[in-house]
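Asker: next one to model:
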Amino acid sequence: MAGERAASTDPDALSWYEATARQRVVALADPGSFREFLPPTERRMSPHLPLFDLPRAFDDGIVVGRATLDGSPILIAAQEGRFMGGAFGEVHGAKLVGLLRAALELTPRAVLILFDTGGVRLQEANAGETAIAETMRAIVDVRAAGIPVIGLIGGRAGCYGGGGLIAGTCSRLAVSEGGRISVSGPEVIETNKGAEEFDSRDRALVWRTMGGKHRRLTGGADAFCADTVSAFRRAALDLIGRAPSFDLETLEAEQARLEARVARFGDCRDATDVWRRLGVNDPETVPAMDTDAFTATVARVREADHDAR
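Answerer: Below you'll find the predicted structure:
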């Protein structure tokens, strides 16, 4: 079913989870409006991967450019989770940072980042970590200039490691059920704390803890989408229109909300315990809910909507 949707170019039928980065960008933007910066024909590839006898991609696993969305100019970046898990390297990171810096001169209506990443490439660790820091700094500058930065998360690789940190600096986030957001991935937690603490092979546990439904219920994401490009497009337009201000008051509110969240849920052992405290009836049924039923559940949870994520 998902494979059939991925083969379609119709935004209403195209599966976000199964689509490539280029398919997402082209189907998300207004028809014919996307213009790529540093396309594959320019061969801007990683200089480090050949040292490890690893294949390279002509675009280094990220697509960046300009387009329009519902007639308004935007800048857009999409990570390709099928290439090295969408991980950040030197060129990959530089393309994203460059796009964000260009936003200060081009002043688009918004910048969209289509996350699909496992974090930083181990083979380019120093350059990748630097790229994460520079991206976060650039997002701060863009938001301070009054330009919303919207993150869309629903790809195969999820949004892990430094990608999870970057997502936290965005103005708003939209996520689907297939999307996962976390700084430490399942395997990292298991390696450091053991399977008794977190069994990375337990897919139900992973999705309950890091998946889109949990992030939406706790307010870590601002919109929940069905797995289609058109659903993400509608969410992006909505989130652009209600991006919060970026000022000291918002930052202080975010800090206060995080402290309150730890105090309220810090002793919970499972996401279902968190959902129960949020007032969700029959929390064990949440993973099986379809989009409409889950959206109705979210509407009854006060924690889910807050300018301070």
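Asker: give me the neighbour count for the nearest residue to residue 176 once chain neighbours are set aside.
Answerer: Excluding its sequence neighbours, the residue lying closest to residue 176 (C-beta to C-beta, 6 or more residues apart in numbering) is residue 154, at 3.6 Å. The way it works is simple: take the backbone N, C-alpha and C, and place the C-beta from them, glycine included. Other residues within reach of residue 154, judged by other C-beta atoms under 10 Å, total 31.
Asker: pretty sure residue 154 sits against residue 173.
Answerer: No. Using C-beta atoms under 8 Å, residue 154 is not in contact with residue 173, being 10.7 Å away.
Asker: OK, contacts around residue 77?
Answerer: 62-64, 95-96, 99, 111-114 (C-beta atoms under 8 Å, 6 or more residues apart in numbering).
Asker: closest one of the residues you listed to residue 229?
Answerer: When the contacts of residue 77 are ranked by distance to residue 229 (C-beta to C-beta), residue 114 comes first, at 10.1 Å.
Asker: that older thread, among the contacts of residue 77, which one has the most neighbours?
Answerer: For these, the largest number of neighbours (other C-beta under 10 Å) sits with residue 112, at 29 neighbours.
Asker: what about the helices in this structure?
Answerer: 2-7, 21-28, 90-106, 125-144, 162-169, 186-193, 203-210, 212-217, 229-241, 248-265, 271-277, 291-299 (DSSP state H).
Asker: so for residue 177, which of these sits nearest?
Answerer: That would be helix 212-217 among these, by C-beta to C-beta, at 5.0 Å.
Asker: so residue 66 sits against residue 103, correct?
Answerer: No. Residue 66 is beyond contact range of residue 103, at 9.8 Å (criterion: C-beta under 8 Å).
Asker: quick check: neighbours shared by the two?
Answerer: Joint contacts of residue 66 and residue 103 (C-beta under 8 Å, 6+ apart) are residue 75.
Asker: who's in contact with the residue nearest to residue 145 when sequence neighbours are not counted?
Answerer: Excluding its sequence neighbours, the residue lying closest to residue 145 (C-beta to C-beta, 6+ apart) is residue 104, at 5.8 Å. Neighbouring residues of residue 104 by C-beta under 8 Å, 6+ apart: 141-142, 145, 147.
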